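Asker: curious how this folds, go ahead:
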Amino acid sequence: MTKVGKHPIIPAFFKCLCVIRHKSLRIIAVQVVLTGAISLPLMMFLGEKSGASAALGGSVGVFSALAYVARSTMVRGRTPRDWLQAQYAGERFKFLVTVILFSAVFALYRPLKVPEFFLTYIATLLAYFAALLMD
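Answerer: Below is the predicted model of the structure:
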């Protein structure tokens with residue numbers, strides 16, 4: 001193992017960080033696929049507004065998950081407490097992004113079809129449970 005300065009644990013830390021990001025991005029990829037799998041048929045069979053509403057709902061789920069990954073992987077230390085604090089910060093940031101995106105969609109997209117919007121948003125949340133089965 002290569003040592004970086006006095007801390008041989010740093011390379012292991014970065015390897016762990018890459019694994020976390022890889023698994024998180026795999027979940028986000030599942031969310032993107034679910035969004036497309038729901039919004040495209042809705043667009044074909046129920047119209048453009050239904051498909052766009054579904055795509056917006058999925059996008060809220062995907063972008064909030066990306067916000068969580070971006071913030072929670074910014075660990076400012078090596079102790080378990082530092083990792084836990086990063087997870088809390090990631091959850092706070094995800095919540096903030098979700099509220100902002102919900103507000104933006106409801107304020108800016110007037111022809112929103114609410115059932116389709118929430119159907120796809122909830123489907124992206126179910127991707128977390130599917131991720132438990134992927135390992």
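Asker: lowest-confidence helix or strand of this structure?
Answerer: Scoring the helices and strands of the chain by mean pLDDT, DSSP states H and E places helix 9-46 at the bottom, with a mean of 78.
Asker: could you give the separation of the helix or strand following that helix from the chain centroid?
Answerer: Using DSSP states H and E, the helix or strand that follows helix 9-46 in sequence is helix 48-72. Distance, stretch centre to chain centre, for helix 48-72: 8 Å (Cα atoms, centre = their mean, to the nearest Å).
Asker: which helices and strands does helix 48-72 pack with?
Answerer: The contact analysis (3 or more Cβ pairs under 8 Å, 6 or more residues apart in numbering; DSSP states H and E) places helix 48-72 against helix 9-46, helix 80-108, helix 114-134. In this view, the C-beta of every residue, glycine as well, is placed from N, C-alpha and C.
Asker: ok, the residue nearest to residue 82 when sequence neighbours are not counted to residue 64 distance?
Answerer: Ranked by Cβ to Cβ, 6 or more residues apart in numbering and with sequence neighbours excluded, the top spatial neighbour of residue 82 is residue 75, at 5.5 Å. Distance, residue 75 to residue 64, using Cβ to Cβ, to the nearest Å: 20 Å.
Asker: could you check which of those two is surrounded by more residues?
Answerer: Taking neighbours as other Cβ atoms under 10 Å, residue 75 and residue 64 compare with residue 64 leading, 23 against 18.
Asker: need the contact list for that one.
Answerer: By Cβ atoms under 8 Å, 6 or more residues apart in numbering, the residues touching residue 64 are 94, 97, 98, 101.
Asker: just give me the closest of the residues you listed to residue 60.
Answerer: Distances from residue 60 to the contacts of residue 64, taken as Cβ to Cβ, are shortest for residue 101 (4.5 Å).
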